[in-house]
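[1] Return a 3D structure for these sequence lines:
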Amino acid sequence: MNELVITNYKNHTICAVYEDQTMVQVSAFQNMETFLGNIYIGRVDNVVKNINAAFVNIGDKISCYLDLSSVEGAIFTKKQSKKKVSIGDEIIVQVTKDAVKTKAPVVSTNFSLTGKHVVLIHHGDGIQLSKKITNKAQRAQLKEVAIPFSSLEYGIVLRTNAQFAAEAEILSELEEVRNTYHEILSQAMHRVKYTLLYKELPEYLKQLRDLKEFTLAKITTNLPKVYDEICEYLKQHPMKTDAELSVPVCLADHDNNLGILYKINHYMEQALHRLVYLKSGATIVIEPTEALTVIDVNTGKAVSGKKTSEDTFYRINLEAAKEIAAQIRLRNISGIIIIDFINMTKKEYKEQLVDQLRAYLDKDPVQTEFVEITKLGLVELTRKKTNKTLAEQLEEHKSTEKGEVNL
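    Okay, the predicted model is just below:
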């Protein structure tokens, strides 16, 4: 049974997806206001030519960074001069990154509206489809569905979820995001600077929205406000279980410790430590760096005092491949990933290992691609960045603490 659990963890609220009672995916966000995804009428307070950027105030003296190399198609509600962007201009912007330490929030003029199946992007490029939709006939059919909604004003992206949706659902959502887009433009022409034109969904509702249809059997939370918002959201955007029933939402007693019931501390600690023990006694070491993430597979106790063989290394590598795919998803690792498996000489073992790793990675809802096996025998992957890593979300950076986790 697949379940979405939403509860507090330390100073954060977490959304955790469980498959067969095992946490497979988790996001954490601070219990504080975020501007991420919101769309405002901002005022340009400064233009800095040497970095080709402007600083845009969205209200409450919140100054945001705007890259001037990508403002083609920007919508101005008030223009001070013929320059591309000048001080005093009022412009529609969307917050694409929250403030980080001393860095200002980042905004873009190419704002987007995201639904379960589609994304509408102002000044986007035609109709695009998720790379995870690989069936050519299905891609052509989905593109055909979206053609009546195409426009020179915006682009449309059909998300991975679109391949599992009925045509009527996609059409309904396309109409919804298009109407929202035109409503934003209409409002903007009659509103003053700093107006909030569109407020993004809370993180837990975005998590709910992005789950595949029919994969969720239950939603559980012990947070009354979250419970009310989920119930309201599901009235407008119904979800079905695999039994064609509405997904049940359970409000657990506030005193009910979901952390213990769902072993949240165990899974969170596991996802934050560098060393993971496999059942065989082998270990996986996960080392994030600025440029990439390195994952090393060690035999550990799996071969201690035992006669080793190529078959043993193959079995350990297969076990490691499954756990590595799970850890990548759980930790939300993105970018370049380098895996150093235990060295094997048999060609057929190497090929079977790669095939199994590919199969495990295909289950990841985030686009993950096998790149190559390098000349040094290292496996290189790339994973699309959709959010910060779990460690970054919890603001727990890699420290001197070293932990071990038994699986």
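[2] Please make it C-alpha for all contacts and neighbour counts, starting now.
    Fine.
[3] show me where pLDDT drops low in the chain?
    Along the chain, segments meeting pLDDT under 70 span 1, 32, 213-214, 244, 254-256, 302-308, 396-407.
[4] which stretches of it form helices?
    With DSSP state H as the criterion, the chain has helices at 136-146, 167-188, 203-210, 224-236, 258-261, 264-272, 310-331, 347-362, 390-393.
[5] for the fifth one, packing partners?
    The reference is to helix 258-261. For helix 258-261, the packing partners by 3 or more CA pairs under 8 Å, 6 or more residues apart in numbering; DSSP states H and E come out as strand 2-9.
[6] can you list contacts of the strand it packs on?
    The contact list for strand 2-9 (CA atoms under 8 Å, 6 or more residues apart in numbering) reads 13-21, 204, 208, 215-223, 258-259.
[7] List the contacts of the closest residue to Pro248 other than its chain neighbours.
    Once flanking residues are discounted, Pro248 sits nearest to Lys218: 5.3 Å by CA to CA, 6 or more residues apart in numbering. Taking CA under 8 Å, 6+ apart, we find Lys218 in contact with 2-4, 247-250.
[8] Show me what Lys218 is bridged to.
    Beta-bridge pairing of Lys218 under DSSP bridges involves Glu3.
[9] And it, how close does it get to Lys384?
    For Lys218, the distance to Lys384 equals 28 Å [CA to CA, to the nearest Å].
[10] now Met268
    Counting by CA to CA, the gap from Met268 to Lys384 is 22 Å.
[11] These two: which is more packed in?
    Neighbours of Met268 and Lys384, each counted by other CA atoms under 10 Å, are more numerous for Met268; the result is 17 against 14.
[12] Against Tyr154, how distant is Ser112?
    9 Å.
[13] And those two? Which one has more around it.
    A count of neighbours by other CA under 10 Å puts Ser112 above the other of Ser112 and Tyr154, at 24 against 21.
[14] Setting aside sequence neighbours, what's the nearest residue to Val95?
    Excluding the flanking residues, the one nearest Val95 by CA to CA, 6+ apart is Val107, at 4.3 Å.
[15] Check the burial of the one you found by counting its neighbours.
    Residues lying near Val107 (other CA under 10 Å) number 28.
[16] is it true that it touches Ile92?
    No. Applying CA atoms under 8 Å, one finds Val107 not in contact with Ile92, separated by 9.6 Å.
[17] burial count for Leu4?
    Neighbours of Leu4 using other CA under 10 Å come to 23.
[18] likewise Leu68?
    19.
[19] That one and Ile219, how far apart?
    43 Å.
[20] likewise Ser246?
    Taken as CA to CA, the span from Ser246 to Ile219 is 11 Å.
[21] More neighbours: which of the two?
    Ranked by neighbour count (other CA under 10 Å), Ser246 and Ile219 place Ile219 first, with 19 against 16.
[22] That one touches Pro248, doesn't it?
    Yes. Counting by CA under 8 Å, Pro248 is a contact partner of Ile219 at 6.3 Å.
[23] show me the contacts for Asp296.
    284-286, 339-341.
[24] Taking the residues you listed together, which two end up most distant?
    Ile286 and Phe341 (12.3 Å; CA to CA).
[25] Spatially, which residue comes closest to Phe76, not counting chain neighbours?
    Among residues not flanking Phe76 along the chain, Ile91 sits closest, at 4.3 Å (CA to CA, 6+ apart).
[26] Which positions within stretch 180-194 qualify as buried?
    For stretch 180-194, the neighbour count (16 or more other CA atoms under 10 Å) marks 181, 184, 188, 192-194 as buried.
[27] go on, stretch 353-362?
    Neighbour-count burial for stretch 353-362 flags 353-354, 357-358, 360-361 (criterion: 16+ other CA under 10 Å).
[28] do the same with stretch 286-305
    Buried, per 16+ other CA under 10 Å, within stretch 286-305: 286-287, 293-299, 302-303.
[29] and of the residues you listed, the nearest to Phe164?
    Nearest member of the buried residues of stretch 286-305 to Phe164, counting by CA to CA, is Thr293, at 32.1 Å.
[30] who does the closest one bridge with?
    Here Thr293, judged by DSSP bridges, has bridge partners Pro288, Ile337.
[31] Quick one: residues contacting it.
    By CA under 8 Å, 6+ apart, the neighbours of Thr293 are 286-287, 333, 335-338.
[32] Buried members of the residues you listed into PyMOL, please.
    In PyMOL, a selection of the buried entries from the contacts of Thr293 looks like this (16+ other CA under 10 Å):
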select buried, resi 286+287+333+336+337+338
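[33] ok so, going back, which one of the helices of the chain lies closest to Glu380?
    Once the helices of the chain are compared by CA to CA, helix 347-362 is nearest, at 10.9 Å.
[34] what's the angle from that closest one to helix 310-331?
    For helix 347-362 against helix 310-331, the angle by axes from the mean of the first three to the mean of the last three CA atoms, to 10 degrees is 20 degrees.
[35] Residues touching helix 347-362, excluding its own?
    314, 317-318, 321-322, 325, 344, 368-370.
[36] Please tabulate those in JSON lines, including the columns neighbour count and distance to Lys61.
    Conversion of those to JSON lines gives the following (neighbours: other CA atoms under 10 Å; distance: CA to CA, whole Å):
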{"residue": "Tyr314", "neighbour count": "20", "distance to Lys61": "59"}
{"residue": "Asn317", "neighbour count": "25", "distance to Lys61": "54"}
{"residue": "Leu318", "neighbour count": "18", "distance to Lys61": "54"}
{"residue": "Ala321", "neighbour count": "24", "distance to Lys61": "49"}
{"residue": "Lys322", "neighbour count": "16", "distance to Lys61": "48"}
{"residue": "Ala325", "neighbour count": "19", "distance to Lys61": "43"}
{"residue": "Met344", "neighbour count": "17", "distance to Lys61": "59"}
{"residue": "Thr368", "neighbour count": "22", "distance to Lys61": "39"}
{"residue": "Glu369", "neighbour count": "15", "distance to Lys61": "42"}
{"residue": "Phe370", "neighbour count": "15", "distance to Lys61": "45"}
